[in-house]
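Participant: Give the three-dimensional model of this entry:
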Amino acid sequence: MRMLLERLDTGPPKFAKCMLPSNVLYSFWLILPKKFCVLHLPEHDTTITLVDESGVEFKTNYLSARHGLSGGWRGFSFSQKLQQGDILFFRLVGSCRLQVHIVRRYGLEAVEAAFSLLEMHPRVKRTKTLTSGKVKHEKVNKGKRMKRRPRKFFVIPPNNHPTPVDIEEDAQWTSWSI
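Facilitator: Numbers count the residues shown, from 1 in each chain. Coordinates of the predicted model:
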């Protein structure tokens, strides 16, 4: 372990980031370490290229005032199938180029399985191959739509026992405002 840490300290500038929900689920914004940005990145907004492990390049927008990546980061996150808890190692390989190595929280097989489940449509006919080699189509039942229940509010009458009142059926309550 000590040798690994010593190796990380030598060579080009680098940093690591653990993926948070805001990085990979909703706002798709990645804040970079301020010290790294001040020492190694331009003082103005620019485009930074991220290079993944297979050599594919992704253009991202670097906002110098906020020390972060915005536009383009979402595309990188989706294409790499990043999840919360994944650790990314960034290494500066040019003035505005970062090599990215990903250590997954879960194995890549688990990530692939999760994404394939997300892409499945629940009402698609499924096929099953029998031992005889024939394909059997399984019928998928469509779910029944439930009727929407009318809204009920509880009213406390003078006897202090709350009773439900159906707003849609009782016309005297429609003119009330809260």
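
Participant: Every contact and neighbour count from this point should use C-alpha atoms.
Facilitator: Noted.

Participant: Might you report the residue contacts of L25?
Facilitator: Shown in contact with L25 (C-alpha atoms under 8 Å, 6 or more residues apart in numbering): 83-84.

Participant: ok, it to S95 distance?
Facilitator: To S95, L25 is 29 Å away according to C-alpha to C-alpha, to the nearest Å.

Participant: Where does pLDDT dip in this protein?
Facilitator: For the chain, applying pLDDT under 70 flags the ranges 1-10, 108-178.

Participant: What ranges does it have for its strands?
Facilitator: Counting by DSSP state E, the chain has strands at residues 14-18, 30-31, 46-51, 57-63, 68-69, 87-94, 97-103, 126-129, 135-138, 152-155, 163-166.

Participant: Can you list the strands that the fifth one pairs with?
Facilitator: Based on DSSP bridges, the strands next to strand 68-69 in the sheet, each with its direction, are strand 30-31 (antiparallel), strand 57-63 (antiparallel).

Participant: Now for G68, how many residues are close by?
Facilitator: By the measure other C-alpha atoms under 10 Å, the count of residues near G68 is 20.

Participant: With the flanking residues excluded, which residue is spatially nearest to it?
Facilitator: Of all residues not flanking G68 in the chain, I31 sits nearest, at 4.1 Å (C-alpha to C-alpha, 6 or more residues apart in numbering).

Participant: That concludes my questions; thank you for your assistance.
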